[in-house]
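Trainee: Next come a sequence and a model predicted from it.
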Amino acid sequence: MMKKISRLLGLDPFVLLLFFSIFLAWIFPKPGSSTDTVSLYSVSHYGISLIFFFYGLRLNWIKIREGLFNLKLHLVVLGATFLLFPLLVLLIMFYFHGIPTAREIMDLDRMGMVATSHLQTVGTGLWLGIFFLAALPSTVSSSVVMVNIAKGNVPGAIFDASISSLLGVFFTPLWMGIFITSETGGQGLSQVLASLTFQVLVPVLLGIALHRPFGWFSEKYDSLLKKFDQTIILLIVYTSFCHSFEEEMFSGLSMRLLILLSAGMIALFFIVYYIIDFVVYFLKFNREDRITALFCGSKKSLVHGTVMSMVILGNPKLAGILILPTMIYHALQLLIVSMIANKMRKE
């Protein structure tokens with residue numbers, strides 16, 4: 001049924017399932033709001049480490065080394081991912097809203113508030129969510145797939161997307177540390193880095209170490225492992241939104257605000273996309289490198305977003321509102337980039 005609906009709407013089935021999981025969290029928040037030792041929330045935590053273990057197991061360092069020496073391409077992609085995005089969003093936040101104060105962020109963690117302050121809290125949460133999106137690394141699988149469809153530099157895309165994912169373990173918490181600290185409802189930087197190291201980096205490195213003897217397993221069961229990854233992400237999204245709905249975190253979120261948020265995500269994508277296009281034109285990139293820079297530099301990882309939202313925030317009820325912009329951007333980037341990739345392939 002999901003495949004038929006996705007073909008009708010022209011959307012990826014996984015995107016539809018993401019929004020269906022939010023609908024389930026709204027209807028049935030109780031099953032996902034428990035944080036007991038044995039719960040859906042704890043299962044999603046264990047699943048995170050498995051996702052990144054299998055990610056490391058799938059990494060083929062021979063293919064990554066093929067794209068190692070294209071320094072200009074890597075600087076453009078990583079610069080767009082970890083510098084252009086956050087600085088651009090900071091400028092937009094300052095112009096339209098003003099940078100959230102520590103008091104506003106602390107209010108985000110307090111729940112006994114009147115309707116007006118709650119509405120302000122939702123706005124602050126969405127701004128933090130947009131900045132959180134900007135601080136995330138690039139996505140791996142869809143970037144490589146889209147670059148391949150458009151006939152771009154695939155080895156370069158594999159290298160850039162993979163290195164971006166590893167660097168995100170450090171750069172994303174550093175950027176988020178500007179706003180979210182232990183004093184403002186989050187976890188301290190050292191605690192976040194330690195959690196991400198054990199939950200993300202160690203499993204990835206273990207998977208890389210076992211690639212030679214067991215890499216065949218990841219290749220043989222690639223489609224099954226992809227479904228496992230997606231299931232865990234859906235579970236994280238479901239439990240995150242269950243906590244948020246239980247605490248009525250979205251009571252101040254209107255349809256108008258959602259539409260404006262979606263329009264803002266589209267605008268952000270195209271601003272970054274065309275800035276990168278201008279840079280690669282100035283640097284005289286060939287067609288293949290241009291495609292790789294455009295696709296890898298303008299995309300953001302939902303996997304890292306769901307994982308880091310659980311780690312960076314000490315309070316699980318805030319995770320839903322934090323990852324909402326990332327989910328919307330993820331859905332839109334898949335739709336927009338797939339259309340651009342198919343157009344480039346025909347050219």
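Mentor: Yes, it's here. Numbers count the residues shown, from 1 in each chain.
Trainee: distance of the closest residue in space to Val279 that isn't next to it in sequence from Leu83?
Mentor: Excluding its sequence neighbours, the residue lying closest to Val279 (CB to CB, 6 or more residues apart in numbering) is Val76, at 5.9 Å. All C-beta spots, glycine's among them, are computed from the backbone N, C-alpha and C. Note on Val76: its distance to Leu83, by CB to CB, to the nearest Å, is 11 Å.
Trainee: okay, those two: which has more neighbours?
Mentor: Relative neighbour count places Val76 above the other of Val76 and Leu83, with 25 against 12, counting by other CB atoms under 10 Å.
Trainee: Give the buried residues for the host helix or strand of that one.
Mentor: Here Val76 sits within helix 71-79, counting by DSSP states H and E. Buried positions in helix 71-79, judged by neighbour count with 16 or more other CB atoms under 10 Å: 73-74, 76-78.
Trainee: just stretch 267-281 next, same as before
Mentor: By neighbour count, with 16+ other CB under 10 Å as the criterion, the buried positions of stretch 267-281 are 268-269, 272-273, 276-277, 279-280.
Trainee: and stretch 327-341, which residues are buried?
Mentor: Neighbour counts over stretch 327-341 (16+ other CB under 10 Å) mark 327-334, 337-338, 340-341 as buried.
Trainee: now these as TSV including secondary structure?
Mentor: Below are the buried residues of stretch 327-341 laid out as TSV (DSSP: H, G, I helix; E, B strand; the rest coil):
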residue	secondary structure
Met327	helix
Ile328	helix
Tyr329	helix
His330	helix
Ala331	helix
Leu332	helix
Gln333	helix
Leu334	helix
Val337	helix
Ser338	helix
Ile340	helix
Ala341	helix
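Trainee: which residues touch the helix or strand where Ser143 lies?
Mentor: When secondary structure is defined using DSSP H and E, the element that contains Ser143 is helix 141-149. By CB atoms under 8 Å, 6 or more residues apart in numbering, the surrounding residues in contact with helix 141-149 are 153-154, 157-158, 160-161, 226, 291-292, 295-296, 299, 334, 337-338, 341-342, 344-345.
Trainee: Can you flag the buried ones in these?
Mentor: Applying a neighbour-count criterion of 16+ other CB under 10 Å, the buried members of those are 153-154, 157-158, 160-161, 291-292, 295-296, 299, 334, 337-338, 341, 344.
Trainee: Grab the two from these that are most spread out in space.
Mentor: The largest distance within those, taken as CB to CB, falls between Asn153 and Leu334 and amounts to 20.6 Å.
Trainee: circling back to that earlier point, quick check, pLDDT for the residue nearest to Val279.
Mentor: Here the pLDDT value assigned to Val76 is 95.
Trainee: try Val114
Mentor: At Val114 the predicted local distance difference test score is 35.
Trainee: nearest to Leu253, of the buried ones among the contacts of helix 141-149?
Mentor: The shortest separation between Leu253 and any of the buried ones among the contacts of helix 141-149 is 23.0 Å, and it belongs to Leu334 (by CB to CB).
Trainee: isn't that closest one right up against Val15?
Mentor: Yes - the pair Leu334 / Val15 is scored as a contact, 6.3 Å apart, by CB atoms under 8 Å.
Trainee: Show me the shaky parts of the chain.
Mentor: Judged by pLDDT under 70, the chain has its weakly predicted residues at 1-12, 33-39, 41, 63-64, 66-67, 95-123, 181-189, 247-252, 313-318.
Trainee: List just the nearest of the buried ones among the contacts of helix 141-149 to Pro29.
Mentor: Looking across those and measuring by CB to CB, the closest to Pro29 is Leu334, at 27.1 Å.
Trainee: Tell me how far the closest one lies from Phe270.
Mentor: Distance check for Leu334 against Phe270: by CB to CB, it reads 15 Å.
Trainee: now do Leu128
Mentor: From Leu128 across to Phe270, the span is 23 Å (CB to CB).
Trainee: Which strands and helices lie in contact with the host helix or strand of Ile158?
Mentor: In the assignment (DSSP H and E), Ile158 maps to helix 154-176. Helices and strands in packing contact with helix 154-176 are listed as helix 61-66, helix 71-79, helix 115-135, helix 141-149, helix 189-196, helix 287-297, helix 302-312; criterion 3 or more CB pairs under 8 Å, 6 or more residues apart in numbering; DSSP states H and E.
Trainee: quick one: contacts of the last one?
Mentor: By CB under 8 Å, 6+ apart, the residues outside helix 302-312 that reach it are 44-45, 48, 51-52, 132-133, 136-137, 139, 165, 168, 172-173, 176, 180, 186-187, 192, 195-196, 199-200, 229, 233, 236-237, 240, 316, 319, 322-323, 326-327, 330.
Trainee: which of those count as buried?
Mentor: Restricting the contacts of helix 302-312 to buried positions leaves 44-45, 48, 51-52, 132-133, 136-137, 139, 165, 168, 172-173, 176, 180, 186-187, 192, 195-196, 199-200, 229, 233, 236-237, 240, 316, 319, 322-323, 326-327, 330, with burial counted as 16+ other CB under 10 Å.
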